[in-house]
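S.K.: Just need the structure, nothing else, for what follows:
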Amino acid sequence: PSKRARVEGNRKGKEPVRSDEPEPGEIEVAKKIQHDIGDDFIPFDVSEDEDTADQQHDQLDARQKGKEVEREWDKGKLPGYDGDSRSRGTKRKHDDLSDDDGRSHMRRQWPVARSAPWLNDVYWDSCRNVAEMLHREVEAFVKYMSPTPAEDEVRRLTVTLVSRVITSAFPDARISPFGSYETKLYLPDGDIDLVVDSESMAYSNKVHVLYALANAIKRAGITSKFTVIAKAKVPIIKFVTNYGRLNVDISINQGNGVTAGKVINGFLQDMDGCGSALRSLVLVVKAFLNQRGMNEVYTGGLGSYSIVCLAISFLQMHPKIRRGEIDAGKNLGVLVMEFFELYGHRLNYEEVGISVRDGGAYFSKRQRGWCDSVKSNLLSVEDPIDPTNDISKGSFGIAKVRQAFAGAFEIMQAAAFLRAGILNSRREGRDYPLRPHRDPGDLSILSKILGVTQETINNRRLRQEVYDEKILHHLLGVADPPT
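M.R.: As a prediction, the model looks like this:
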């Protein structure tokens, strides 16, 4: 029968009649593949090697059965390991560039467990409404995250120890703390930022000076290893102390940070009735961003300076605070939610810039020339010290930060509605607990977006032990503080 007859036989549901004789013009080594409707068509190039044709048939049959034939170069690999799926001779795309060493299939990423230890200090039964519940929870969170006198003393003695080592190597050096340590707005695992001012260092190679400082600190036993970031805009030394596991950053001849700390301390003292609210907002937002890895400018996040300025502007421009209708210190929970709402949903990042000078204001980015046609959605915050400087222009990942703020507001808003229903049911006697005791987390709202890791808890215990054993006191030869 002819080729047409065989095809017609297939269409009529009859068994096709096969013949060993090839049709005119038909290649003998290329075996014919019949495809039913719905099968994936896999084209193969005609090969002169019969083994290649057989291998193609095996691959097709394996695909139709839902499994792949093990290739020669895949033998011995673990199931599910794909390796490099690119074909030879093709260019690498940007998404293909990875630091994966091929062992990622052997590692499992476990989520970091977080707890809410501040809930033990919240007395829920006396709360009359959701706003009061959230206010007390924010108060408890800020109290828990604030440094204890022992932790503050350990940090102070660490600064003294580092300063003594630096001045022994460079007698004309003056060491000044700045940043969150100076303003006391740091988290339990926050960095200690130090700046070294020295005329002798100014005439030397900055990188060589940084290595000389780092080696002196290492020889003194303050740290076991260090990192010198020499190619940054501001070269720094980074290390973790052996006593207390404190992160320390040291820069040279950079006076802007010290001035900025004084300006922030001025806002904390001079904002009438808003000093405690400002401190609470900053600690909550810093903890929120730190938990998500969005608190470093070099990774695209918001730095401490920008966070503080955002909180200052929020309080300055809040209409009810400006009119004196609410006490900011007694409405911390509502202010936290409204902060996330403003910077997550409301603020026009493309057109509006933020200024905290002279009582606070919004300005047009176009009129000031701060609009970027390529990156129009960047946050613009005027430097309180230098009005020509945009302190947040380096936060290239602000879109993710904004999305995180928006998500936090929506989560807290949904939790607030649920907590309001629980309060109403308890007042009306419609609450039937299924457990013998109530969990403090049942009424929590802040714990839906924040938590404390066990590592942070362990580090705080370690610093308390360093203080109790007077390790730093003995190293410095100072008297024990009065009890």
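S.K.: quick one: the spatially closest residue to residue 425 that is not a sequence neighbour from residue 421, how far?
M.R.: Closest residue to residue 425 apart from its sequence neighbours, by Cβ to Cβ, 6 or more residues apart in numbering: residue 431 at 4.6 Å. C-beta: built from backbone N, CA, C; applies to glycine. Distance of residue 431 to residue 421, given as Cβ to Cβ, to the nearest Å: 10 Å.
S.K.: cool, residue 243 as well?
M.R.: 50 Å.
S.K.: where does this structure have low pLDDT?
M.R.: 1-113, 434, 437, 480-483 (pLDDT under 70).
S.K.: What is the longest helix of it by residue count?
M.R.: helix 398-427 (DSSP state H).
S.K.: which helices and strands does that helix pack with?
M.R.: helix 130-145, helix 275-291, helix 332-341 (3 or more Cβ pairs under 8 Å, 6 or more residues apart in numbering; DSSP states H and E).
S.K.: from the chain's centre, how far out does the shortest one sit?
M.R.: Computed by Cα atoms, centre = their mean, to the nearest Å, the separation of helix 332-341 from the middle of its chain amounts to 20 Å.
S.K.: what inclination does it have with respect to helix 275-291?
M.R.: Per axes from the mean of the first three to the mean of the last three Cα atoms, to 10 degrees, the angle that helix 332-341 makes with helix 275-291 is 50 degrees.
S.K.: and after helix 332-341, which helix or strand comes next?
M.R.: Counting by DSSP states H and E, the next helix or strand C-terminal to helix 332-341 is strand 352-355.
S.K.: for that following strand, which positions count as buried?
M.R.: 353-355 (16 or more other Cβ atoms under 10 Å).
S.K.: what's next to that strand, contact-wise?
M.R.: By Cβ atoms under 8 Å, 6 or more residues apart in numbering, the residues outside strand 352-355 that reach it are 309-310, 313, 361-365, 368, 370, 379-382, 387, 390.
S.K.: Over to stretch 466-473?
M.R.: 150-151, 153-154, 157-158, 161, 243-244, 479-481.
S.K.: that older thread, so which of the contacts of strand 352-355 comes closest to residue 234?
M.R.: residue 390 (16.6 Å; Cβ to Cβ).
S.K.: my guess is the closest one contacts residue 371, does it?
M.R.: No - using Cβ atoms under 8 Å, residue 390 makes no contact with residue 371, being 11.2 Å away.
S.K.: More neighbours: which of those two?
M.R.: residue 390 (21 against 16; other Cβ atoms under 10 Å).
S.K.: Quick one: residues contacting the more buried one.
M.R.: Contact partners of residue 390, counting by Cβ under 8 Å, 6+ apart, are 353, 370, 380-383.
S.K.: Minimum distance to residue 182: which of the helices and strands packed on helix 398-427 has it?
M.R.: That would be helix 275-291 among the helices and strands packed on helix 398-427, by Cβ to Cβ, at 13.5 Å.
S.K.: What helices and strands are in contact with the closest one?
M.R.: So helix 275-291, by 3+ Cβ pairs under 8 Å, 6+ apart, packs with helix 130-145, helix 256-270, helix 304-317, helix 332-341, helix 398-427.
S.K.: export these to TSV and tack on distance to residue 185 and mean neighbour count?
M.R.: Listed next are the helices and strands packed on helix 275-291 as TSV, based on distance: least, Cβ to Cβ, whole Å; neighbours: other Cβ atoms under 10 Å:
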stretch	distance to residue 185	mean neighbour count
helix 130-145	10	21
helix 256-270	8	16
helix 304-317	7	24
helix 332-341	15	22
helix 398-427	18	16
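S.K.: Now distance to residue 201 too, for those helices, in JSON lines please.
M.R.: Shown next, in JSON lines, are the helices and strands packed on helix 275-291 (distance: least, Cβ to Cβ, whole Å):
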{"stretch": "helix 130-145", "distance to residue 201": "36"}
{"stretch": "helix 256-270", "distance to residue 201": "16"}
{"stretch": "helix 304-317", "distance to residue 201": "24"}
{"stretch": "helix 332-341", "distance to residue 201": "41"}
{"stretch": "helix 398-427", "distance to residue 201": "35"}
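S.K.: Among the ones you listed, which comes closest to residue 475?
M.R.: Going by Cβ to Cβ, the one of the helices and strands packed on helix 275-291 nearest residue 475 is helix 256-270, 26.2 Å.
S.K.: Let's see the closest one as PDB, backbone CA atoms only.
M.R.: Provided in PDB are the C-alpha atoms of helix 256-270 (Å, rounded to 0.1, in the frame of the first residue of the first chain):
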ATOM      1  CA  ASN A 256      29.400  64.600  59.300                       C
ATOM      2  CA  GLY A 257      28.200  61.700  61.400                       C
ATOM      3  CA  VAL A 258      29.000  63.500  64.700                       C
ATOM      4  CA  THR A 259      27.100  66.600  63.600                       C
ATOM      5  CA  ALA A 260      24.100  64.600  62.500                       C
ATOM      6  CA  GLY A 261      23.900  62.900  65.900                       C
ATOM      7  CA  LYS A 262      23.800  66.300  67.600                       C
ATOM      8  CA  VAL A 263      21.000  67.400  65.300                       C
ATOM      9  CA  ILE A 264      18.900  64.300  66.000                       C
ATOM     10  CA  ASN A 265      19.500  64.700  69.800                       C
ATOM     11  CA  GLY A 266      18.200  68.200  69.400                       C
ATOM     12  CA  PHE A 267      15.000  67.000  67.800                       C
ATOM     13  CA  LEU A 268      14.500  64.400  70.500                       C
ATOM     14  CA  GLN A 269      14.800  67.100  73.200                       C
ATOM     15  CA  ASP A 270      13.000  70.000  71.400                       C
END
